[in-house]
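Q: quick one, fold the following:
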Amino acid sequence: MPHSATTSTKSSLRHLFRRLTSNAQGAAALEFAMIAPLMFMMLVGSIEFSQAITVDRRVTQAASAMADLVSRAPSEGVTAAQVDRDMSIIGQLIPPYDLSALTVEVVSVKAQAVPGNPGAVNYVVDWSRNNRGGTPYARNSPAPFGMPQGLLVAGESTIVGRAFYNYTPLIFSYFISEAFTMEEKFYLKPRNGACVHLKPIHCVTGATM
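A: Down below sits the predicted model:
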């Protein structure tokens, strides 16, 4: 075979190889462009999911910790200032997440007999406090949340710890305009008496102590 023909054949093969290489690189780039958005969404979703689980766990801790602390109150009761002081612990539970998005309530709920209906009870608020130093529910008003059936009999009480967190996604807030609320609730019976007095009000008689 003449030398020129051999050279021409080699040149054609090199050109074909370059074309095939170029096509393979183009196909890889196209495939990456197709899957990159999906990979990004999966990464962002895993970050958001992990953060939401962490926040929800801390909201749970805030509700349970407050219910537990108040239910351990001594038999002589506590003052509103003491409850508010105990509320300060939640400042150590939520950070680095936004503490202003959290609302914690402690509510003492009593069960009262229903006249003419043996065994039935009405649940009413004895006293309440929140982490903003306020009284969210009026004394003797109906309990503003569902109570587990059979939890109390007439004359008994329970301490309810409630926590709400207005959760705003870290990244998806650019796409989701509305936040959602996480809520946790715990019921614990007083350890040292039939109920917990919020001094100076006696939790049984309603009289000043």
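Q: nearest spatial neighbour of the residue most central in space within the chain, skipping sequence neighbours?
A: For the chain, the residue sitting closest to the mean C-alpha position, by C-alpha atoms, centre = their mean, is D56 at 3.1 Å. Take D56 and drop its neighbours on the chain: the residue closest to it by C-beta to C-beta, 6 or more residues apart in numbering is M182, 5.2 Å away. From N, CA and C alone the C-beta is placed, and that goes for glycine too.
Q: so the one you found makes contact with T103?
A: No: using C-beta atoms under 8 Å, M182 makes no contact with T103, being 10.7 Å away.
Q: list residues touching both of these two?
A: Common contacts of M182 and T103, defined by C-beta atoms under 8 Å, 6 or more residues apart in numbering, comprise A163, F164, Y165.
Q: where do the strands sit along the protein?
A: 102-113, 121-130, 157-167, 180-188 (DSSP state E).
Q: and the longest one with strand 180-188, angle?
A: The one in question is strand 102-113. 40 degrees (axes from the mean of the first three to the mean of the last three C-alpha atoms, to 10 degrees).
Q: name the helices or strands packed onto strand 102-113?
A: Identification of packing neighbours for strand 102-113 by 3 or more C-beta pairs under 8 Å, 6 or more residues apart in numbering; DSSP states H and E yields helix 3-71, helix 80-87, strand 121-130, strand 157-167.
Q: and the ones you listed, which one is worst for confidence?
A: Of all these, mean pLDDT reaches its minimum on helix 3-71 (a mean of 74).
Q: what's near enough to touch the residue nearest to the centre of the chain?
A: Y165, M182, E184.
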